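Undergrad: The following block contains a protein sequence and its predicted model.
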Amino acid sequence: MRTTCLKFLVPLIALAATATAAAQSFREQFRDPLDGRFDASTFLADNAYGFLPVPIIITDPAVDGGVGAVGLFFHETEEQKEQRLEALRESEDGGSQFLLTPSISAVAGAYTGNDSWFLGGGHMGFFKQGNIRYMGGGGFGNVNLDFFGAGDIEFTRPIELNTQAGMILNSLKFRLGDSRFFAGPTQRYVSARIEPVNLGDLDGSFLPPPLQPPWQDIMTRLMTQDVVLSALGAVIEFDSRDNFFSPHSGYQYQLEQLWYRDEIGSDIDYELLTFSGHNYWQLGERFRAGLRIAADYASTSGLLPPFATPGIVLRGIPAMRYQGNAVVVAEAEVTWQFDPRWSVNLFAGAGRAANEIDQLSEQPTRVTKGGGFRYLIARRYGFETGLDIARGPEDTVFYIQAGTAWR
């Protein structure tokens, strides 16, 4: 009997010891050997083909919050793998070198408190040592959002709209010579069904009294329709950021022009011009500053569907809250790096939305402000995560941040 027990006991002890050692080895991958703190650098460096699950906490009051998840897949050739792993292991900030950023595929899904949901995926590719950049993806969503009007057309009460849409987008950029400029083609396609959650809402009373007779039919048609938007365009970008994930210095400027035309399947002909500028400055050893500026202009003879109308995008303002064919935004941020891992930040932003560019000066300025913190979760990648709390004109919103807050 004793011999029989030992036959089973010895393998069990060995298995338990192996499992314990494996668990300890796994935990060590999340401990930085330099400062002993929690860090994902080693795990990412030693799993170049790895799968990284990222939870999503949606805090936007426009959709009553929600949860979701993103799965990231890293792709590298053997040569790229060896180059990156060598840089990560031998250099303090090897992962911050942009040209070593691996190509990444992603799948995502989310569900929110107002029964909105989304499923999709995409790919970000870096080829020819970063001289060619590709970004593309697609997905389908069923989203419920309040529509408050556009520009100087303010509804007396918001209308809750349901949008069921499938979309595809692609962008391909090539480095221009040895410069930091990139340029290339871009494409957008959206097929959507829009309707109020309660059709009885469209009784005309949502419009201001002066607009009810002439605009009621137009607005009713706008908010109940099947529509396809298809565009081709061009994009030019300047990028000198020191890090792809969480930049501390450098600049990224991008100008994109899209043409929506019937010849390529669009139900509405119009043009969309977008500009964004992200500026990052290191102010000594512990302080840094940032400035984001952005502008969007939709050149159209009529009103666009709500999901296609540009809007103010600032921390503290819910999605689609302030919209118009012309939108301008600015946001400044100051960060104090009080510890090698930890930093705190303060930010403030302002934006305006109007139906025409020459009406922007007449529109009220929507102001936001807030603060947050960051933790350097992957030192060799220069990747930071954290939390921002922002106060807008009506709401206080908190955001879980992974990487830079400016996309």
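TA: Perfect, I can see it now. Numbers count the residues shown, from 1 in each chain.

Undergrad: for the helix or strand in which Asn162 is found, packing partners?
TA: Assigned by DSSP states H and E, Asn162 belongs to strand 153-175. If you count contacts as 3 or more CB pairs under 8 Å, 6 or more residues apart in numbering; DSSP states H and E, strand 153-175 packs onto strand 132-150, strand 181-196, strand 225-239. Yep, even glycine has a C-beta here, placed from its N, CA and C like the rest.

Undergrad: the strands in the stretch 301-407 of the chain, which residues?
TA: For the stretch 301-407 of the chain, the strands defined by DSSP state E, counting those that start in this stretch cover 326-336, 342-354, 366-378, 383-391, 396-402.

Undergrad: so how far is stretch 160-177 from its chain's centroid?
TA: Its chain's average C-alpha position is 12 Å from that of stretch 160-177, according to CA atoms, centre = their mean, to the nearest Å.

Undergrad: isn't Ile57 right up against Val67?
TA: Yes - using CB atoms under 8 Å, Ile57 is in contact with Val67, at 6.2 Å.

Undergrad: Relative to Ala402, which of the helices and strands packed on strand 153-175 is closest?
TA: Across these, Ala402 has its closest neighbour in strand 132-150 (17.2 Å, CB to CB).

Undergrad: could you check the angle strand 153-175 makes with that closest one?
TA: Going by axes from the mean of the first three to the mean of the last three CA atoms, to 10 degrees, strand 132-150 is angled at 170 degrees with respect to strand 153-175.

Undergrad: Restricting the selection to alpha carbons, write strand 132-150 to CSV.
TA: C-alpha atoms of strand 132-150 as CSV (Å, rounded to 0.1, in the frame of the first residue of the first chain):
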residue,chain,number,x,y,z
ILE,A,132,5.3,52.3,-45.1
ARG,A,133,2.4,52.6,-42.6
TYR,A,134,-1.0,51.0,-43.0
MET,A,135,-4.1,51.3,-40.8
GLY,A,136,-7.4,49.6,-41.6
GLY,A,137,-10.3,48.0,-40.0
GLY,A,138,-14.1,47.5,-40.0
GLY,A,139,-16.9,46.5,-37.8
PHE,A,140,-20.6,46.7,-37.1
GLY,A,141,-22.5,48.5,-34.3
ASN,A,142,-25.9,49.1,-32.9
VAL,A,143,-25.7,52.5,-31.1
ASN,A,144,-28.2,54.6,-29.2
LEU,A,145,-27.2,58.3,-28.8
ASP,A,146,-29.0,61.5,-28.1
PHE,A,147,-29.0,64.0,-30.9
PHE,A,148,-29.1,67.6,-29.8
GLY,A,149,-29.0,69.4,-33.1
ALA,A,150,-26.1,70.8,-35.2
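
Undergrad: And that strand, what's buried?
TA: Within strand 132-150, the residues that count as buried by 16 or more other CB atoms under 10 Å are 133, 136-137, 139, 141, 143-150.

Undergrad: returning to what we had before: the helices and strands packed on strand 153-175: which one's closest to Ala298?
TA: Short answer: strand 132-150, nearest of the helices and strands packed on strand 153-175 by CB to CB, at 10.0 Å.

Undergrad: what lines up beside that closest one in the sheet?
TA: Strands that pair with strand 132-150, judged by DSSP bridges, come out as strand 117-127 (antiparallel), strand 153-175 (antiparallel).

Undergrad: any idea of the angle it forms with strand 342-354?
TA: Angle of strand 132-150 versus strand 342-354, following the same axes, to 10 degrees, is 60 degrees.

Undergrad: Could you list which residues are in contact with Leu346?
TA: 333-334, 369-371 (CB atoms under 8 Å, 6 or more residues apart in numbering).

Undergrad: Try it again at 7 Å.
TA: Taking CB atoms under 7 Å, 6 or more residues apart in numbering, we find Leu346 in contact with 334, 371.

Undergrad: Quick check: it vs Ala330, distance?
TA: Distance, Leu346 to Ala330, using CB to CB, to the nearest Å: 15 Å.

Undergrad: Now tabulate the strands paired with strand 132-150 in a markdown table and tack on mean neighbour count.
TA: Listed next are the strands paired with strand 132-150 as a markdown table, based on neighbours: other CB atoms under 10 Å:
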| stretch | mean neighbour count |
| --- | --- |
| strand 117-127 | 16 |
| strand 153-175 | 16 |
